[in-house]
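Visitor: Give me coordinates for this.
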Amino acid sequence: MRLVLTPERVVAAETRRTLTALALQGVRVDGVVVNRLVPDVGDETGTAADWLRRRRAEQEAVLTEVRESTDVPVRVVPHVADEPVGLPRLGELALALYGADDPLAGAPPTRLISVWREDDEGDYLLRLAVPLAAEAALDLARVGDELVVTVDGRRRLVDLPSVLRRCQVVSASAGPGGLTVRFRPDPRLWMR
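Guide: Just a heads-up that it's a prediction; the model follows:
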């Protein structure tokens, strides 16, 4: 899936929430398109140029936030006077947006869930590749053989691999790569 947004703070915040919700559901977003970036007026003077310069600065700040909040490619479409209707105009838009790149080519899908052992004697780590905004409300709960992950009111049940079913949740941390949950073998359930 590819998301399209306009460079406005409220829209960007909703896009961050959407990226998280889609990742929780296992939907891979392969890119973000920022539409309607007003033109750079350079050194032009006048009231209209001043307004465009201020608007462009606001949009650039939002664009920076969007780029910092995701690891998927972010492409920009300039604001144009008329809509790109018809195949020739859409072809021009595609060329401006992707150039010689193939818009369907991309990195292989990221695994939503990965598990590894920190060292021979250490804890197990479970990583959920879910983008989390700094303001995201995150909650974790262990229910039987599942980990319940809730982000901003959206919930995902993660069926734990057998090795983690015999472990206790010790801690969790969120970062740019997603959510990492630390598990420690439960001595009552762990075979010696």
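
Visitor: list the buried ones in the helix or strand of the chain with the lowest mean pLDDT?
Guide: Ranked by mean pLDDT, DSSP states H and E, the weakest helix or strand in the chain is strand 113-117, scoring a mean of 82. Applying a neighbour-count criterion of 16 or more other C-beta atoms under 10 Å, one finds Ile113 buried in strand 113-117. (Glycine included, C-beta is placed from N, CA and C.)

Visitor: what's the next secondary structure element after that strand?
Guide: strand 124-128 (DSSP states H and E).

Visitor: packing partners for that next one?
Guide: Here strand 124-128 touches strand 113-117, helix 162-165, strand 178-185, going by 3 or more C-beta pairs under 8 Å, 6 or more residues apart in numbering; DSSP states H and E.

Visitor: what's in contact with the second one?
Guide: Put plainly, it is helix 162-165. 115, 124, 126, 145, 183 (C-beta atoms under 8 Å, 6 or more residues apart in numbering).

Visitor: Let me know the closest of the residues you listed to Glu60.
Guide: Leu126 (37.4 Å; C-beta to C-beta).

Visitor: Could you report the neighbour count for the closest residue to that closest one other than its chain neighbours?
Guide: Distances taken as C-beta to C-beta, 6 or more residues apart in numbering place Val181 nearest to Leu126, at 4.6 Å, with adjacent residues excluded. Here the number of neighbours of Val181 (other C-beta atoms under 10 Å) works out to 24.

Visitor: Same check on Val10?
Guide: Using other C-beta under 10 Å, Val10 is surrounded by 9 other residues.

Visitor: returning to that earlier point: how about TSV for the helices and strands packed on strand 124-128, with distance to Pro84 added?
Guide: Below are these laid out as TSV (distance: least, C-beta to C-beta, whole Å):
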stretch	distance to Pro84
strand 113-117	39
helix 162-165	49
strand 178-185	35
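
Visitor: packing partners for the helix or strand containing Thr20?
Guide: Using DSSP H and E, Thr20 falls within helix 9-24. If you count contacts as 3+ C-beta pairs under 8 Å, 6+ apart, helix 9-24 packs onto strand 2-5, helix 47-68, strand 146-151, strand 154-159.
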